[in-house]
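> build me a structure from this.
(one chain, ligands or ions: 2)
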Amino acid sequence: MSISAPKGTKDVTILESYKWHYIEDVIRREVAKFGYRESRTPVFENTELFLRGVGDTTDIVQKEMYTFEDKGGRSITLKPEGTAGAVRSFVENSLYANAQPTKMYYLNCPVFRYERPQAGRLREHHQFGIEVFGSTAPSIDAEVISVAKSLLDKMEIKGIALNINSIGCPVCRPAYHEVLKDYLRGNLDKLCKTCNERFETNPLRILDCKEEGCQIVVKDAPKMIDHLCDDCQNHFDELQKILKILKIEYAINPMIVRGLDYYTKTVFEFIATGIGAQGTVCGGGRYDGLVAEIGGPEMPGIGFGMGMERLLLVMESQGLIIKEPALYEVFICTAGEPARMKAIEMVSALRQGGIKADLDHMGRSLKAQMKFADKCGAGHVVVMGDDELESGIIRLKDMKANQEIELTIEELIGALSRN
Ligand code: ATP
Ligand code: MG
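Ligands and ions are numbered 1, 2, ... in the order given. This is a model prediction of the structure:
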């Protein structure tokens with residue numbers, strides 16, 4: 001019987017994990033500069049965290065969640081996004097009681113959505129994300145955007161467009177909803193079935209529908225940015241002012257509304273060209289009502305999620321090569337059992353000295369061992385035979401420089417050890 005991985009999932013094998021380590025390293029180094037600390041929350045949460053009483057109207061929550069009953073009869077959901085769990089943890093651990101703002105990030109966070117698998121769209125994917133709580137300042141919106149931007153720059157990713165928008169707040173959005181509904185009312189027959197449902201529950205989402213018929217209808221629809229209240233307008237103006245100071249290029253895209261209901265004011269996406277339809281690498285926004293909705297105090301928040309698989313896809317499509325680190329710095333090839341025993345001792349001493357080292361465990365011939373060492377990219381190769389065992393003097397071959405030096409076994413270990 002052969003068992004395959006569930007549809008829409010992807011292994012990261014030993015042949016590829018170094019690519020993930022590279023982006024993880026860049027991310028950790030970058031976010032530290034901005035003062036973000038890591039948060040880890042469970043892969044599953046109580047379902048109500050995502051449903052939240054009145055109910056979220058988005059596809060992610062209504063159609064795509066992996067929800068099941070556990071053996072204790074509780075309804076459990078595998079995380080369909082990172083923010084709700086981060087907010088729950090912020091509230092439950094009373095982090096709001098500390099000096100604000102609170103800056104956090106999560107890395108390799110598994111996210112589950114029952115979507116149609118295709119290139120760049122998986123049922124389990126992984127996100128890097130950041131969240132900032134406690135500040136309404138537009139400078140924080142700009143900072144959150146600049147964290148994403150500086151990461152993409154560090155990875156030398158090109159051709160990513162930053163689109164921003166403001167989707168208002170509970171003060172101005174209800175009035176805009178009515179303006180939008182007045183516009184759409186005469187065109188309901190041209191909208192898809194889902195958008196007809198959205199008309200009552202969340203008309204803003206119709207702007208974001210991928211159906212061609214809907215796109216034609218909404219093209220000339222009234223835009224939220226033309227109906228912002230003074231507070232939202234000032235916030236949006238100030239954000240743009242700071243983005244200009246930071247020399248971050250952006251375009252205002254009034255069609256960006258984001259896939260979850262909790263957003264307020266700023267929303268944004270980083271969109272890559274060149275990986276097809278699934279081009280959004282990073283999406284985020286402000287969610288000033290969410291902390292209170294999840295049972296915390298009235299406290300604003302903002303963040304983004306970045307798809308790590310997509311990030312790698314973009315890098316690949318742009319021919320950005322991530323260098324695989326050599327498996328071994330030293331490989332000891334052996335001839336004869338006594339020499340092999342000595343080599344086992346030497347490899348152990350090298351490893352204790354902080355050196356990546358190994359020897360053959362497959363009974364290969366000396367020649368095959370050399371070949372294998374080369375294939376592993378070993379920086380140095382040593383041959384241990386009876387002569388070396390007797391004299392205590394070995395030759396260390398630098399594979400790259402193609403040079404050999406003679407030294408004693410003690411010198412070898414001493415010279416290479418770094419602890
Ligand atoms: P999309 O527009 O691609 O559907 P989204 O708006 O649903 O994305 P978010 O909920 O904002 O995405 O998630 C943040 C990021 O996670 C996305 O920008 C994307 O890079 C990645 N992502 C989302 N869904 C998937 C998926 N099914 N497979 C792989 N990556 C995904
Ligand atoms: Mg989606």
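> contact residues of this structure facing ligand 1?
81, 113, 115, 120-122, 125, 127, 259, 278, 280-283, 305-307, 309-310 (C-beta under 6 Å from any ligand atom). No exception for glycine: its C-beta is placed from N, CA and C like everyone else's.
> put the buried members of those into a PyMOL selection.
With 16 or more other C-beta atoms under 10 Å as the criterion, this PyMOL line picks the buried residues out of the residues of the chain next to ligand 1:
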select buried, resi 81+113+120+121+122+125+127+259+278+280+281+282+283+305+306+307+309+310
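> please enumerate the strands of the stretch 251-400 of the chain.
Counting by DSSP state E, counting those that start in this stretch, the stretch 251-400 of the chain has strands at residues 251-252, 264-272, 280-286, 301-307, 330-334, 357-359, 380-384, 393-398.
> for these, give me JSON lines that also has distance to V31 and mean pLDDT.
Output for these, formatted as JSON lines (distance: least, C-beta to C-beta, whole Å; pLDDT from 0 to 100):
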{"stretch": "strand 251-252", "distance to V31": "25", "mean pLDDT": "97"}
{"stretch": "strand 264-272", "distance to V31": "16", "mean pLDDT": "96"}
{"stretch": "strand 280-286", "distance to V31": "13", "mean pLDDT": "96"}
{"stretch": "strand 301-307", "distance to V31": "11", "mean pLDDT": "98"}
{"stretch": "strand 330-334", "distance to V31": "35", "mean pLDDT": "98"}
{"stretch": "strand 357-359", "distance to V31": "33", "mean pLDDT": "98"}
{"stretch": "strand 380-384", "distance to V31": "36", "mean pLDDT": "96"}
{"stretch": "strand 393-398", "distance to V31": "38", "mean pLDDT": "94"}
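> distance check, the closest residue to D386 other than its chain neighbours against K342.
Counting by C-beta to C-beta, 6 or more residues apart in numbering, G336 is the residue found nearest to D386 once chain neighbours are left out, at 5.6 Å. Distance, G336 to K342, by C-beta to C-beta, to the nearest Å: 10 Å.
> now do C209
Taken as C-beta to C-beta, the span from C209 to K342 is 70 Å.
> spatially central residue for the chain, please.
Ranked by distance to the mean C-alpha position of the chain (C-alpha atoms, centre = their mean), the top residue is F128 at 2.8 Å.
> give me the element that residue is part of.
strand 124-133 (DSSP states H and E).
> between strand 264-272 and the one helix or strand L243 maps to, find me the angle.
Using DSSP H and E, L243 maps to helix 230-245. Orientation of helix 230-245 against strand 264-272 (axes from the mean of the first three to the mean of the last three C-alpha atoms, to 10 degrees) gives an angle of 30 degrees.
> can I get helix 230-245 as CSV, trimmed to CA atoms?
Extracted in CSV, the C-alpha atoms of helix 230-245 (Å, rounded to 0.1, in the frame of the first residue of the first chain):
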residue,chain,number,x,y,z
ASP,A,230,-12.1,63.0,8.4
ASP,A,231,-10.2,60.7,10.8
CYS,A,232,-9.7,58.0,8.2
GLN,A,233,-8.8,60.5,5.5
ASN,A,234,-6.2,62.1,7.8
HIS,A,235,-4.8,58.7,8.7
PHE,A,236,-4.5,57.8,5.0
ASP,A,237,-2.9,61.1,4.1
GLU,A,238,-0.4,60.8,6.9
LEU,A,239,0.5,57.2,5.9
GLN,A,240,1.2,58.4,2.4
LYS,A,241,3.3,61.2,3.6
ILE,A,242,5.5,58.8,5.7
LEU,A,243,5.8,56.3,2.8
LYS,A,244,7.2,59.1,0.7
ILE,A,245,9.7,60.0,3.4
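> to the chain's geometric centre, what's the distance from it?
The chain centroid and the centroid of helix 230-245 are separated by 27 Å under C-alpha atoms, centre = their mean, to the nearest Å.
> packing partners of it?
Contact here means 3 or more C-beta pairs under 8 Å, 6 or more residues apart in numbering; DSSP states H and E; on that basis helix 230-245 packs against helix 138-154, strand 160-166, strand 264-272.
> quick one: the next helix-or-strand element following the second one to chain centroid distance?
On the C-terminal side of strand 160-166, the nearest following helix or strand under DSSP H and E is helix 173-185. The gap between where helix 173-185 is centred and where its chain is centred comes out at 35 Å by C-alpha atoms, centre = their mean.
> buried residues in helix 173-185?
173, 176-177, 179-180, 184.
> again, but for stretch 340-347
Residues of stretch 340-347 classed as buried by neighbour count (16+ other C-beta under 10 Å): 340, 342-343, 346-347.
> dump those residues into TSV; add distance to L366 and pLDDT as well.
Listed next are the buried residues of stretch 340-347 as TSV, based on distance: C-beta to C-beta, whole Å; pLDDT from 0 to 100:
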residue	distance to L366	pLDDT
R340	11	97
K342	15	96
A343	12	97
M346	16	96
V347	16	97
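> can you redo these as TSV with distance to T194?
Converted to TSV, these look like this (distance: C-beta to C-beta, whole Å):
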residue	distance to T194
R340	68
K342	71
A343	66
M346	67
V347	62
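> and those, which is closest to ligand 1?
V347 (41.1 Å; C-beta to the nearest ligand atom).
> ok, the closest one to R395 distance?
Applying C-beta to C-beta to V347 and R395 gives a distance of 17 Å.
> who does the residue of the stretch 251-400 of the chain found nearest ligand 1 bridge with?
Of all residues in the stretch 251-400 of the chain, G307 sits closest to ligand 1, at 2.5 Å by C-beta to the nearest ligand atom. Applying DSSP bridges to G307 yields these beta-bridge partners: Q127.
> hmm, back to that, deepest of the helices and strands packed on helix 230-245, which one?
When the helices and strands packed on helix 230-245 are scored by mean count of other C-beta atoms under 10 Å, the highest mean neighbour count falls to strand 264-272 (a mean of 24).
> contacting residues around the nearest residue to I216 once chain neighbours are set aside?
Closest residue in space to I216, ignoring its immediate chain neighbours: K190 at 7.3 Å, by C-beta to C-beta, 6+ apart. By C-beta atoms under 8 Å, 6 or more residues apart in numbering, the contact set of K190 is 213-214, 216-217.
> also A272?
A272 touches 157, 159-160, 279-281, 310, 314, 317, counting by C-beta under 8 Å, 6+ apart.
> reformat the residues you listed as a markdown table; add distance to D230.
Below are the contacts of A272 laid out as a markdown table (distance: C-beta to C-beta, whole Å):
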| residue | distance to D230 |
| --- | --- |
| I157 | 37 |
| G159 | 36 |
| I160 | 32 |
| G279 | 34 |
| T280 | 31 |
| V281 | 33 |
| R310 | 37 |
| V314 | 38 |
| S317 | 43 |
